[in-house]
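Colleague: this is a predicted model, with the sequence first.
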Amino acid sequence: MSRPIVSLRLYIAGDAPNSVLAISNISEICRMHYPDSHQLEIVDVFADPMRALEDHVLLTPMLVVCSLTPPRTIVGQLSNPDVVLNVIGSLELHHEQ
């Protein structure tokens, strides 16, 4: 059985240190665990503030696992891969059922 595509959206605030770290961390997680089965969209709330308002983003960095219904969010630098993988892993459990 093929792996589901993991669809992620990361909201950041420009080049703030937390945003840079979150991009690096989620990129590494995707590279290591989902090399051919992920889509990562990065939304800079400074560059697109209306999108942030429409999507109800109040904190950054914020990762949204869009593949899950309802979507799940993780706020922070994403420095604990186990937390991120645990949330994404629930997508794989839904896919197997």
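Modeller: Good, I have the coordinates.

Colleague: show me the shaky parts of this protein.
Modeller: Under the criterion pLDDT under 70, the flagged ranges of the chain are 1-2, 90-97.

Colleague: contacting residues for the residue nearest the centre of the chain?
Modeller: Closest residue to the average C-alpha location of the chain: residue 63 at 3.5 Å, with Cα atoms, centre = their mean. Residue 63 makes contact with 8, 9, 10, 11, 22, 26, 73, 74, 75, 78, 84, according to Cβ atoms under 8 Å, 6 or more residues apart in numbering. C-betas here are computed from N, CA, C, even on glycine.

Colleague: wasn't it part of a strand?
Modeller: Yes: secondary structure assignment places residue 63 in a strand (DSSP: H, G, I helix; E, B strand; the rest coil).

Colleague: how about the strands in the chain?
Modeller: With strands called from DSSP state E, the chain shows them at 6-12, 38-44, 62-65, 72-75.

Colleague: which strands and helices lie in contact with the last one?
Modeller: Applying 3 or more Cβ pairs under 8 Å, 6 or more residues apart in numbering; DSSP states H and E, one finds that strand 72-75 contacts strand 62-65, helix 81-96.

Colleague: repeat that with 6 Å
Modeller: strand 62-65 (3 or more Cβ pairs under 6 Å, 6 or more residues apart in numbering; DSSP states H and E).

Colleague: partners of the strand it packs on, with directions?
Modeller: Note on strand 62-65: by DSSP bridges, its sheet partners are strand 6-12 (antiparallel), strand 72-75 (antiparallel).

Colleague: most tightly packed of those?
Modeller: Neighbour counts (mean count of other Cβ atoms under 10 Å) averaged over each of the strands paired with strand 62-65 peak at strand 6-12, with a mean of 21.

Colleague: ok, and what's touching it?
Modeller: Contacting residues not belonging to strand 6-12 are listed as 19, 26, 34, 38-45, 57, 60-64, 66-67, 88 [Cβ atoms under 6 Å, 6 or more residues apart in numbering].

Colleague: surely residue 64 meets residue 73?
Modeller: Yes: using Cβ atoms under 6 Å, residue 64 is in contact with residue 73, at 5.2 Å.

Colleague: ok, back up a step: would CSV of the strands of the chain with distance to residue 50 be doable?
Modeller: Shown next, in CSV, are the strands of the chain (distance: least, Cβ to Cβ, whole Å):
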stretch, distance to residue 50
strand 6-12, 13
strand 38-44, 11
strand 62-65, 16
strand 72-75, 19
